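*Asks:* no sequence on this one, just coordinates:
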Ligand SMILES: [Ca+2]
């Protein structure tokens, strides 16, 4: 039996169920949320706030624990389900977990094809989860400037302690 992990409610009390990420939810004014499983990021705009270059911290809502019929601060237009049981590094194109993303479970010697360094499409935020720290590099093949970043949620380059749009290769510690 399918398990729905997130339910959004509109003002009429109708429910809308989701199991995975969606870059565009139905055109509904959602007012409440119930989370029964998973770790989720909700975005104020479609495409994970891509057109807003990730927007501000107030343009996302993060749910790491189950909640029941909690009032929403805004009606989300897209939502992202984080993996929640494998050591991994999820990188995002924009601040505040915005835009394109990709999850790595192992070392990657060059992420440039997906996230070109020196370009706004380069990595601007990152989730390291749940146990491992990762080492980030400014050049391919684990060369150039490097930094060990603690396993945590890093919504911007300042939090990562790593320059914006410069990530080129990465590996778990
Ligand atoms: Ca970027």
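*Replies:* Sure, I can see it. None of these values were measured; they are calculated from a predicted model. Numbers count the residues shown, from 1 in each chain.

*Asks:* burial measure for the nearest residue in space to residue 167 that is not next to it in sequence, as a count.
*Replies:* Of all residues not flanking residue 167 in the chain, residue 123 sits nearest, at 4.1 Å (CB to CB, 6 or more residues apart in numbering). (Each C-beta comes from the backbone N, C-alpha and C, glycine too.) Here the number of neighbours of residue 123 (other CB atoms under 10 Å) works out to 29.

*Asks:* Test my guess that residue 123 contacts residue 92.
*Replies:* Yes: here residue 123 reaches residue 92: they are 6.8 Å apart, a contact under CB atoms under 8 Å.

*Asks:* ok, back up a step: how about the residue nearest to residue 167, what does it touch?
*Replies:* 91-93, 111, 115, 165-167 (CB atoms under 8 Å, 6 or more residues apart in numbering).

*Asks:* mind giving me TSV with those residues and columns for neighbour count?
*Replies:* Conversion of the contacts of residue 123 to TSV gives the following (neighbours: other CB atoms under 10 Å):
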residue	neighbour count
91	26
92	25
93	25
111	20
115	23
165	17
166	18
167	26
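
*Asks:* all strands of the chain, in order?
*Replies:* 6-10, 15-18, 30-35, 39-43, 60-63, 67-71, 78-82, 88-94, 98-104, 125-129, 134-139, 143-149, 153-154, 169-172 (DSSP state E).

*Asks:* Adjacent strands (with direction) for the second one?
*Replies:* The reference is to strand 15-18. strand 6-10 (antiparallel) (DSSP bridges).

*Asks:* What lies in contact with the strand it pairs with?
*Replies:* 15-19, 25, 28-36, 38, 40, 63, 69, 72, 76, 79, 81.

*Asks:* For the ion, give me its nearest residue in this protein.
*Replies:* Nearest to the ion in the chain, going by CB to the ion, is residue 124, at a distance of 3.6 Å.

*Asks:* which residues of this structure score low on pLDDT?
*Replies:* 1-3 (pLDDT under 70).
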